[in-house]
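K.L.:
sharing a model that was predicted from the sequence below.
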Amino acid sequence: FLVIFTMAWVFGYGSLTWKATFPFEETCVCFLEGYHRRFYQGSTDHRGVPGKPGRVVTLIEENDARTYGLAYRIAEHELEKVLEHLDFRERGGYVAREMTVVPLDPKRDKFPALVYIGTNTNPNWLGPASEQEIAIQVHTSIGPSGHNREYVLNLATTMRQLAPEVDDPHLFEIERLLLAMPPSGDPNP
């Protein structure tokens, strides 16, 4: 539905922040107001498998919350192909919504972007769990796109690079717990 724009934007807050597998014209570090990033979405097609899902991020509405990420500007002639690619990539329970993102650069105005969100009505929804429970599940999950642990560590590293002044307690606590676990995949040291 963003085809009406000459240039369209896609906002990533998970693996899209470090693994953009599509052509883009430029990037912009931005945030979404009113949402927290949470590891509540199951992944049976990328970071886990059916019967042993990994955990990946989605957005949860909450007043006064912000989720930081990276927006990608897509050229009009690439838009249809990119959206088809992203619809396939995010097929594991995500829906696309147009939302307003706010650039970190105060000289830039906010703008609409396409955002993929795993809602609590999709079949891969796992929902809330403690950071410890999430870290254990992540530590023992692997799927076609690699180890779930790699997903969390890449996301935490990327968020510190994109917005070093921003704290993301949920993400960084799961990262801390994962780094304290033995590399064997056994969550009990």
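P.N.:
Okay, I see it. Residues are numbered from 1 along each chain as shown.
K.L.:
roughly how far apart are the residue nearest to residue 123 when sequence neighbours are not counted and residue 42?
P.N.:
With sequence-adjacent residues excluded and distances taken as C-beta to C-beta, 6 or more residues apart in numbering, residue 123 is closest to residue 93, at 6.4 Å. Where C-beta positions appear, they are placed from N, C-alpha and C, glycine not excepted. The gap separating residue 93 from residue 42 is 7 Å, by C-beta to C-beta, to the nearest Å.
K.L.:
now the phi/psi pair for residue 140, please.
P.N.:
The phi and psi torsions at residue 140 (degrees, to the nearest 10) take the values phi -110, psi 10.
K.L.:
what comes up buried for the helix or strand containing residue 159?
P.N.:
Taking DSSP states H and E as the definition, residue 159 sits inside helix 148-162. Neighbour-count burial for helix 148-162 flags 148-149, 151-156, 158-160, 162 (criterion: 16 or more other C-beta atoms under 10 Å).
K.L.:
in CSV: those residues, plus distance to residue 89.
P.N.:
CSV is the format used below for the buried residues of helix 148-162 (distance: C-beta to C-beta, whole Å):
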residue, distance to residue 89
148, 16
149, 20
151, 14
152, 18
153, 20
154, 16
155, 16
156, 21
158, 17
159, 20
160, 24
162, 20
